[in-house]
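Student: quick one, what's the 3D model for this:
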Amino acid sequence: MKKIFFLFILCLSVISCGSGLNPEEINGSNSSSGSSGNSGNGNLSGDGFGNSKKADGVWVPGMWKEGVWTAYPNGLTGDNSRTALIYTAALVGSDIYAPGYSFDPLNNHVPGYWKNGVWVALDNVVSGTPRQMDARRIVVSGSDIYLTGYCYSLNRGVLWTNGVMTLLQENPATRSFIFALGLLDANVYAGGYSEGAAVNEEPGYFINNVWTDLPLGVNGGRVLDIAFSGSDVYAAGINYVMETGSPKDELGYWKNNIWNALPNSEGTRWGSADTIVVDSGDIYVSGDARLSSQVTGIKVPGYWKNGVWETLINGETNDKSQTATIKELIISNSDVYAYGYSVNASGKRVPGFWKNGSWTGLLNGETGDNSQDAEMVYPLY
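Tutor: This is a model prediction of the structure:
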């Protein structure tokens, strides 16, 4: 059973959200906020937004509400015959914004967002040629709508301001990738990396389209999320360093451009610090560690609170035998909610969330079971 519903929530002056990359490559939530991060006073539950894969391999975006799945149609075909994805959602008053992309009949990425379930296409034409793009982050402030994404063919980050597209690049010769978006005092922050002269990935952010470098490791780094508290700017991410002659991910965050490293409690070389939230003076950063000497090792998710790591065990296997991933971190009434997925013993992603470490799993909205992959990317609250 599918149904349409109407949601009424408190309208905030600035709402922004972010979540994840393509389900086949995502490493976490990478969300951003227009203020202190994803904190609030609402009562959260298992309602939320995400993607479910059908038996034929097509991904379908949509939302769970009281256990009932409502699918969003592919914005180009008007049905669910071809893949479409959402990366996050923004809730503003009674309106719901969900950025992502829809595949056209040739399986090209066409960027856009769904507003209350209706597709809104974004400009993807550069120098007269349509380009493959997606929209990954969104900030809604008053009547202004900001989105960031990626142009695959040009290897550039993209910013849309009320539908007007700008390629984000330090200079015309450098590639860039944007993971985070935030708004502070009418200044638009788009965080990620830019190709540097000495390293391939130089961490930093564009402020109103002008690039700002952040201190980096010997091999570079990347910004994965941005949050603000007062005039302070927090950026979670990775610095690529060397340890005993081998590369390593150093996880942490920059506060006002000063790097603060966080411990990898699993003792491995690889991991990620994807989401940062500042709540009542406490700093939360969610991420993962890889249980392998390889970058592709099993992911163990968790979060740091003021530098202390809390492991979140895979909710389906109750151990570290399969990957689990956090897409979004929310702090509400001192409770910690982490939305994402846990891979089950059959190797399928089960959507759900952890509340203070306790897992609740949902069913794939398209199959009604957990025989195909699905993921949560943002809560409905």
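
Student: what about the stretch 201-350 of the chain, any weak spots by pLDDT?
Tutor: 293-296 (pLDDT under 70).

Student: what about 80?
Tutor: 217-218, 243-246, 265-268, 292-296 (pLDDT under 80).

Student: what are the ranges of the strands in it?
Tutor: For the stretch 201-350 of the chain, applying DSSP state E, counting those that start in this stretch gives strands covering 202-207, 210-213, 221-229, 232-243, 246-255, 258-262, 271-279, 282-290, 299-305, 308-311, 324-332, 335-343, 349-355.

Student: how about these, which one is nearest Leu168?
Tutor: strand 202-207 (5.2 Å; Cβ to Cβ). In short, each C-beta sits where N, CA and C put it, glycine included.

Student: parallel or antiparallel, list what pairs with that closest one.
Tutor: Using DSSP bridges, strand 202-207 pairs in its sheet with strand 187-194 (antiparallel), strand 210-213 (antiparallel).

Student: quick check: buried residues in that strand?
Tutor: 202-206 (16 or more other Cβ atoms under 10 Å).

Student: can you redo the strands paired with strand 202-207 as CSV with mean neighbour count and distance to Gly57?
Tutor: Formatted as CSV, the strands paired with strand 202-207 follow (neighbours: other Cβ atoms under 10 Å; distance: least, Cβ to Cβ, whole Å):
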stretch, mean neighbour count, distance to Gly57
strand 187-194, 25, 29
strand 210-213, 14, 38
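
Student: and Ile283, what does it touch?
Tutor: Neighbouring residues of Ile283 by Cβ atoms under 8 Å, 6 or more residues apart in numbering: 234, 253, 276-277, 304-307.

Student: buried subset of these as a ChimeraX selection?
Tutor: In ChimeraX syntax, the buried subset of these is picked out as below (16+ other Cβ under 10 Å):
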select :234,253,276,277,304
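
Student: any chance of the contacts of Ile283 in JSON lines, with distance to Tyr339 too?
Tutor: What follows is the contacts of Ile283, written out as JSON lines (distance: Cβ to Cβ, whole Å):
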{"residue": "Tyr234", "distance to Tyr339": "20"}
{"residue": "Tyr253", "distance to Tyr339": "20"}
{"residue": "Ile276", "distance to Tyr339": "15"}
{"residue": "Val277", "distance to Tyr339": "13"}
{"residue": "Trp304", "distance to Tyr339": "17"}
{"residue": "Lys305", "distance to Tyr339": "17"}
{"residue": "Asn306", "distance to Tyr339": "22"}
{"residue": "Gly307", "distance to Tyr339": "23"}
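
Student: on that earlier part again, so can I have CSV of the strands paired with strand 202-207 showing distance to Thr88?
Tutor: Shown next, in CSV, are those (distance: least, Cβ to Cβ, whole Å):
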stretch, distance to Thr88
strand 187-194, 15
strand 210-213, 24
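
Student: among the ones you listed, which comes closest to Gly128?
Tutor: Nearest of the strands paired with strand 202-207 (Cβ to Cβ): strand 187-194, 25.0 Å.

Student: average model confidence for the closest one?
Tutor: Across strand 187-194, the average pLDDT comes to 96.

Student: now do stretch 368-380
Tutor: 96.

Student: so how far is it off the chain centroid?
Tutor: How far stretch 368-380 lies from its chain's middle: 15 Å, per Cα atoms, centre = their mean, to the nearest Å.

Student: quick one: closest of the strands paired with strand 202-207 to Arg269.
Tutor: Evaluated over the strands paired with strand 202-207, closeness to Arg269 peaks at strand 187-194, with 19.5 Å, by Cβ to Cβ.

Student: got the CA positions of that closest one in PDB?
Tutor: In PDB, the C-alpha atoms belonging to strand 187-194 read as follows (Å, rounded to 0.1, in the frame of the first residue of the first chain):
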ATOM      1  CA  ASN A 187      27.500  33.500   3.000                       C
ATOM      2  CA  VAL A 188      27.300  30.200   1.100                       C
ATOM      3  CA  TYR A 189      29.900  27.600   2.100                       C
ATOM      4  CA  ALA A 190      30.500  24.600  -0.200                       C
ATOM      5  CA  GLY A 191      33.000  22.200   1.300                       C
ATOM      6  CA  GLY A 192      35.000  19.400  -0.300                       C
ATOM      7  CA  TYR A 193      38.300  19.400  -2.100                       C
ATOM      8  CA  SER A 194      40.000  21.100  -5.000                       C
END
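
Student: neighbours around the residue lying closest to Asp47 once chain neighbours are set aside, how many?
Tutor: Leaving out its chain neighbours, the residue that sits closest to Asp47 by Cβ to Cβ, 6 or more residues apart in numbering is Leu380, at 3.9 Å. Residue crowding around Leu380 was assessed by other Cβ atoms under 10 Å; the count is 21.

Student: circling back: nearest to Ser346 among the buried residues of strand 202-207?
Tutor: Relative to Ser346, the closest of those is Pro203; by Cβ to Cβ it sits at 37.4 Å.

Student: tell me which residues touch that closest one, please.
Tutor: Applying Cβ under 8 Å, 6+ apart to Pro203 gives the contacts 192-193, 213-214, 216, 220-223, 235, 237-239, 254.

Student: how about CSV for those, with distance to Asn80 added?
Tutor: Formatted as CSV, the contacts of Pro203 follow (distance: Cβ to Cβ, whole Å):
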residue, distance to Asn80
Gly192, 31
Tyr193, 34
Asp213, 43
Leu214, 41
Leu216, 42
Gly220, 39
Gly221, 38
Arg222, 33
Val223, 34
Ala235, 36
Gly237, 35
Ile238, 35
Asn239, 41
Trp254, 41
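
Student: which of those tops the neighbour count?
Tutor: Gly237 leads the contacts of Pro203 on contacts (other Cβ under 10 Å) with 33 neighbours.

Student: tell me which residues of stretch 168-186 are tucked away?
Tutor: If you call a residue buried by 16+ other Cβ under 10 Å, then stretch 168-186 has these buried ones: 168-170, 175-184.

Student: flag the shaky bits of the stretch 1-150 of the chain, pLDDT-wise.
Tutor: 1-46.

Student: hmm, 50 instead?
Tutor: Along the stretch 1-150 of the chain, the model assigns pLDDT under 50 to residues 1-34.

Student: fine, thanks again, bye for now.
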